[in-house]
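S.K.: Curious how this folds, go ahead:
(one chain, ligands or ions: 2)
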Amino acid sequence: MMEKAVYLHTAKRHTLSVNILILINLNIMTLDQQQQVIRLKDALATPGRIVITNHQGPDGDAMGALTALYQFLRKKGYEVAMITPNDYPEFLHWLPCTDETINFMRQKELATATIEKADYIFHLDYSQIKRSADMIRLLSESKAVRILIDHHPEPSLSADYLFSDTNASSTCELLFDMLKIWDAALIDRDIASCLYTGIMTDTGCFSFRSATSYTFTTVSELLAYGIDRDAIYDQVYDNFSAQRMRLMGYCLNNKMEVFPEYHTAIISLNLEEQRRYDFVTGDSEGFVNLPLSVNGVRFTAFFLEKEDKIKISFRSKGSFSVNNFARKHFKGGGHLNASGGEIRISLDETVKKFRELLPLYKNELHAP
Ligand code: 5GP
Ligand code: MN
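M.R.: Numbers count the residues shown, from 1 in each chain. Ligands and ions are numbered 1, 2, ... in the order given. As a prediction, this is how the structure comes out:
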């Protein structure tokens, strides 16, 4: 109930009738969810070691949620550790406390010991255990109390406390609601900056339809903490190497293929091309969105060759579900308009498979 009070206060410039309308329509946490936050808070009254994890290839939402929750729990006096399955992009290194992150891929022993000692494990921004990559076994076997906070559809990861809301633009949006109920007084400028970063990146800078009016209300509340949104934008979007920009140019000029009859465009990048442009993690972030700017294109795919597999990103505009497409054909998932998957065949075979699938979706891809 406190959350509604906070919301009403911040929206005080609206008329009361508008407030009531907004409160009915927006994705404010249900009473059930609010009570669950209180139950979690009570459960954590028993001191214990907390481990916070996020998904492999952590993005802005995964890292924003990780660092925000870490700082919050530290302020509450808990013993907390953050573990990422692997590297996260350079443009997120500025986030507060990232130097305290344990990288499972690089610090296996420390990460393993930390997970084995955990009394509480948070799963942030993923709903399938396989998204935790090499940590799957350790996390599955852990006897710790598990808390899932996420916004992906159809969570399959079992947890003692499940905070899953597909209406939330991002895990950070949902986490902010939870922290306000948990202990609003502890939220500070740094925590707000992390949460804002997650919302900004997961909504494509507030351009995707997942950014609802409630998202903007949330952002408005976060801005009230005095966060420097220009600096955050600059760190995230204007912080690439010259080589990465050249790689982007190369992709658009030489690698983008458009299939007008299917309203589709793709880009693929092999290992040799990555080496040629000194590729580092995060360099291809956002490339999948580029062909969406071509008129008529509603479905895009970006194929990235890795040493052991092909990682794929999908994006769409309108009603075509790339979540279903990724689940059905590429062992993946995500959201209606943004998803990903992977496959262990060659890059050429992957692109061939994708092209052969397009005719099956001709009707769906024609729908606006
Ligand atoms: P991205 O293309 O930015 O890596 O991911 C877009 C969305 O798809 C994110 O919400 C992400 O969690 C989801 N996603 C990306 N790759 C995979 C995958 O391999 N499996 C599943 N289940 N979801 C993925
Ligand atoms: Mn997310």
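
S.K.: So which bits of the stretch 251-368 of the chain are right by ligand 1?
M.R.: Residues of the stretch 251-368 of the chain found near ligand 1 (Cβ under 6 Å from any ligand atom) are Val288, Ser313, Gly332, Gly333, Gly334, His335, Ala338, Ser339, Gly340, Gly341, Glu342. Bear in mind the C-beta positions are built from the backbone N, C-alpha and C, glycine included.

S.K.: Okay, and the residue nearest to Met256 when sequence neighbours are not counted sits in which element?
M.R.: Spatial nearest neighbour of Met256, chain neighbours left out: Ile267 (5.2 Å); criterion: Cβ to Cβ, 6 or more residues apart in numbering. When elements are assigned from DSSP states H and E, Ile267 belongs to strand 264-269.

S.K.: Check which helices and strands that strand is in contact with.
M.R.: With contacts defined as 3 or more Cβ pairs under 8 Å, 6 or more residues apart in numbering; DSSP states H and E, strand 264-269 has these neighbours: strand 257-259, strand 299-305, helix 347-357.

S.K.: roughly how far out does the longest helix that the chain contains sit from the chain middle?
M.R.: Secondary structure of the chain read by DSSP state H shows that its longest helix is helix 60-75. Put simply, helix 60-75 sits 13 Å off its chain's centre (Cα atoms, centre = their mean, to the nearest Å).

S.K.: and Tyr126, how many neighbours does it have?
M.R.: By other Cβ atoms under 10 Å, 24 other residues sit near Tyr126.

S.K.: Show the contacting residues for it.
M.R.: Applying Cβ atoms under 8 Å, 6 or more residues apart in numbering to Tyr126 gives the contacts Asn54, His55, Ala62, Ser132, Asp150, His152, Leu157.

S.K.: Secondary structure class of it, three-state.
M.R.: Following DSSP: H, G, I helix; E, B strand; the rest coil, Tyr126 is assigned to coil.

S.K.: mind pulling up the phi and psi values for it?
M.R.: For Tyr126, the backbone dihedrals (degrees, to the nearest 10) come out as phi -150, psi 150.

S.K.: Can I get stretch 250-268 in CSV? Just the C-alpha atoms.
M.R.: Taking C-alpha atoms only, stretch 250-268 is exported to CSV below (Å, rounded to 0.1, in the frame of the first residue of the first chain):
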residue,chain,number,x,y,z
TYR,A,250,31.2,-2.5,-42.5
CYS,A,251,28.1,-4.4,-41.3
LEU,A,252,25.7,-1.9,-42.9
ASN,A,253,27.7,-1.6,-46.1
ASN,A,254,28.8,-5.2,-46.7
LYS,A,255,26.8,-7.5,-44.5
MET,A,256,23.2,-6.3,-44.3
GLU,A,257,20.8,-8.3,-46.4
VAL,A,258,17.2,-7.2,-47.0
PHE,A,259,14.4,-9.5,-48.0
PRO,A,260,11.6,-7.1,-48.9
GLU,A,261,9.1,-9.8,-49.6
TYR,A,262,9.3,-10.8,-46.0
HIS,A,263,9.8,-7.4,-44.4
THR,A,264,13.0,-8.8,-43.0
ALA,A,265,16.7,-7.8,-42.9
ILE,A,266,19.7,-9.6,-41.4
ILE,A,267,23.3,-9.0,-40.5
SER,A,268,25.9,-11.8,-39.8
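
S.K.: how about that stretch: buried residues?
M.R.: Buried residues in stretch 250-268, counting neighbours by 16 or more other Cβ atoms under 10 Å, are found at Cys251, Lys255, Met256, Tyr262, His263, Thr264, Ala265, Ile266, Ile267, Ser268.

S.K.: Just list the residues touching the closest residue in space to the fourth one that isn't next to it in sequence, thanks.
M.R.: In this structure, Tyr262 finds its nearest non-sequential neighbour in Leu358, 4.5 Å apart by Cβ to Cβ, 6+ apart. Counting by Cβ under 8 Å, 6+ apart, Leu358 touches Phe259, Tyr262, Thr264, Leu365.
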